[in-house]
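S.K.: I need the structure of the sequence given here:
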Amino acid sequence: MPLSDLKINPGKVVGRAQDSHRPTLVTSHGRGIAVVQGLDDFERTAEELSLLKAVVQGLIDVCEGHTLSLDEAKISLGIN
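M.R.: Residues are numbered from 1 along each chain as shown. Take a look at the predicted model:
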């Protein structure tokens with residue numbers, strides 16, 4: 001979507017992004033410069049990315065041998 005469309009009718013651009021649940025690429029001179037995305041979709045994406053990063057870090061830890069037994073984990077978490 002051209003930047004001029006965003007300048008002329010920002011409500012329409014934001015509404016389209018919210019309704020479609022897809023980010024809208026804003027362009028200037030044919031090149032992408034920004035993305036408009038509904039807040040709920042942005043927050044969901046951020047949560048999913050955070051979870052994915054935690055899973056990857058967990059897999060790295062396991063591959064590197066950084067593990068605890070169940071009893072050690074319970075003690076570390078204060079769960080008995």
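S.K.: Thr67: what secondary structure?
M.R.: coil (DSSP: H, G, I helix; E, B strand; the rest coil).
S.K.: Touching, it and Asp61? I think so.
M.R.: Yes. Using Cβ atoms under 8 Å, Thr67 is in contact with Asp61, at 6.9 Å. Backbone N, C-alpha and C define where each C-beta goes, glycine included.
S.K.: could you pull out the strands for this structure?
M.R.: 24-28, 31-36 (DSSP state E).
S.K.: Which one of those strands lies nearest to Ile79?
M.R.: Comparison of these against Ile79 by Cβ to Cβ identifies strand 31-36 as nearest, at 41.9 Å.
S.K.: Each with direction, which strands does that closest one pair with?
M.R.: Here strand 31-36 is paired, per DSSP bridges, with strand 24-28 (antiparallel).
S.K.: For the strand it pairs with, output the C-alpha coordinates as CSV.
M.R.: Extracted C-alpha coordinates of strand 24-28, given in CSV (Å, rounded to 0.1, in the frame of the first residue of the first chain):
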residue,chain,number,x,y,z
THR,A,24,-0.1,-4.3,5.5
LEU,A,25,3.2,-3.3,3.9
VAL,A,26,3.5,0.5,3.4
THR,A,27,5.6,1.5,0.5
SER,A,28,7.3,4.7,-0.7
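S.K.: among the strands of the chain, which is the most enclosed?
M.R.: Mean neighbour count (mean count of other Cβ atoms under 10 Å) peaks for strand 24-28 among those, with a mean of 15.
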